[in-house]
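Chemist: pasting the sequence and the predicted model now:
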Amino acid sequence: MGPRQVTVFGASGFIGRHVVRRLAADGARIVAAVRDPVAADFLRPMGDVGQIAPLACDVRNPDLVARALRGSDAAVNLVGILYETRRIRFDTIHGEAPGIIARAAAAGGVETLVHISAIGAAADASSDYARSKGVGETALRAGFPGAVVLRPSIVFGPEDDFFNRFAALARISPALPLFGGGTMRFQPVYVCDVAEAVVRGLTQPELRGRTFELGGPHIRTFRELMEDILEVTGRRRGLVPLPMALADLIGYVGDFVAWFGIKPTLTRDQARQLRRDNVASGEGFDALGIRPTAMDVVLPDYLDRFRKAGRFRPSQV
């Protein structure tokens, strides 16, 4: 039997909405702890009337976190950011918030806690993103030793930020960039597989206290991912190798616009992340009893909108 009530922090995000849908299908009541509960109203139809309740929560505030956990016997932390702004920082969202949630969950009698981290998370990592994720894992374990930690590689699905971004760029640009020659490796993982891993973490006691790295069935270089996007969208575009020094320069500009709340193309910290492979190791989907989904099964279903002729007729432009 699954948990009766689950608090999902970050429920309205990319991964969160799929976790909510999966939990609702199992009959759980869901407290969707989000920054803007009105904007999260789209979650309600994923369940029966009253089954999903959006609730305003700032994960940096221990009192609000404790309130969101009240009455729940399980919790999921999906809160994360891809870049920093003037008001939202890695150290607080990734580094401190997991500890706040863990301590509140332990104090509130929550039985199971699943936390989404990232491959490469380490307190001594070169990128601020990965370092803050590592600090957060340490704080999580200190407050709730039995928490299940999931570290996915780059996640793909209809609302993803990676494949949609570059497919949109291919629609308007004559070429796609290959920073560092595009040799860095990724292991893209389907968002629904990640959601299933969350459910397994919540419902299988033998998984408590363990860390799993989640990667799809295929490892692809950045160049190969760009080629996949062009093939699925039916576009012919150049692939231009660019030095990492140029990525750093673009990152400086990205940091500046992000400071003012504008979504950057690339930040300096993201450029640092591009210098390292993003491939799963250790325990993963096999240990969870999940067979991961291949990209070529899913990408055509949501990238077809970037075709010049739409989904009904392939085109080469």
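Modeler: Thanks, I have the structure now. Residues are numbered from 1 along each chain as shown.

Chemist: just the buried residues of stretch 53-72, please?
Modeler: 53-55, 57-59, 62, 64-69, 72 (16 or more other Cβ atoms under 10 Å). (C-beta placed from N, C-alpha, C; glycine too.)

Chemist: keep only those of those residues that are in strands.
Modeler: 53-55 (DSSP state E).

Chemist: contact partners of stretch 154-171?
Modeler: 14-15, 17-18, 82, 176, 186-192, 194, 225-226, 229-230, 232-233, 235, 237, 278, 295, 298-299, 301-303, 306 (Cβ atoms under 8 Å, 6 or more residues apart in numbering).

Chemist: what comes up buried for it?
Modeler: So for stretch 154-171, counting by 16+ other Cβ under 10 Å, buried means 154-157, 160, 163-164, 166-167, 169-170.

Chemist: next step: those residues restricted to strands.
Modeler: Those of those lying in strands (DSSP E): 155-156.

Chemist: how near is the residue nearest to Ile30 when sequence neighbours are not counted to Ser12?
Modeler: What sits nearest to Ile30 in space, not counting adjacent residues and going by Cβ to Cβ, 6 or more residues apart in numbering, is Ile52, at 4.7 Å. In this view, Ile52 and Ser12 are 11 Å apart by Cβ to Cβ, to the nearest Å.

Chemist: name the residues contacting each of those two.
Modeler: In contact with both Ile52 and Ser12: 32, 43, using Cβ under 8 Å, 6+ apart.

Chemist: ok, those two, which is more surrounded?
Modeler: Ile52 (24 against 21; other Cβ atoms under 10 Å).

Chemist: hang on, isn't the more buried one packed against Asp41?
Modeler: No: the pair Ile52 / Asp41 is not scored as a contact, 9.6 Å apart, by Cβ atoms under 8 Å.

Chemist: could you pull out the strands for the stretch 101-250 of the chain?
Modeler: For the stretch 101-250 of the chain, applying DSSP state E, counting those that start in this stretch gives strands covering 112-116, 148-152, 155-156, 175-179, 185-186, 189-190, 211-214, 220-221, 238-242.

Chemist: low-confidence ranges in the chain?
Modeler: Scanning the chain for pLDDT under 70 picks out 1-2, 310-317.

Chemist: could you tell me how far stretch 58-69 lies from the centre of the chain?
Modeler: 21 Å (Cα atoms, centre = their mean, to the nearest Å).

Chemist: same deal with stretch 123-142?
Modeler: Counting by Cα atoms, centre = their mean, stretch 123-142 comes out at 16 Å from the chain centroid.

Chemist: list the buried ones in that stretch?
Modeler: So for stretch 123-142, counting by 16+ other Cβ under 10 Å, buried means 125, 127-137, 139-141.

Chemist: how about stretch 71-85?
Modeler: 72-80, 83-84.

Chemist: cool, stretch 112-123 as well?
Modeler: 112-121.

Chemist: next, the distance between the ends of it.
Modeler: 24 Å (Cα to Cα, to the nearest Å).

Chemist: do stretch 57-72 as well
Modeler: 15 Å.

Chemist: contacts for that stretch, please.
Modeler: 3, 5-7, 9-10, 31, 33-35, 55-56, 75, 77, 79, 92-93, 96-97, 100-101, 103-105, 107-108, 110.

Chemist: just the buried members of these?
Modeler: 3, 5-7, 9-10, 31, 33-34, 55, 75, 77, 79, 92-93, 96-97, 100-101, 103-105, 108, 110.

Chemist: in strands, which of these fall?
Modeler: 5-7, 9, 31, 33-34, 55, 75, 77.

Chemist: for Arg220, which non-adjacent residue is closest in space?
Modeler: Looking at Arg220 with Cβ to Cβ, 6+ apart, the closest residue is Phe186, at 5.8 Å.

Chemist: what about the one you found, distance to Leu274?
Modeler: Counting by Cβ to Cβ, the gap from Phe186 to Leu274 is 10 Å.

Chemist: more neighbours: those two, which one.
Modeler: Taking other Cβ under 10 Å, Phe186 and Leu274 do not tie; Phe186 has more neighbours (22 against 18).

Chemist: ok, the more buried one - contacts?
Modeler: 153-154, 219-222, 225, 277-279.

Chemist: shouldn't Ala39 be in contact with Ser12?
Modeler: Yes: using Cβ under 8 Å, Ala39 is in contact with Ser12, at 6.6 Å.
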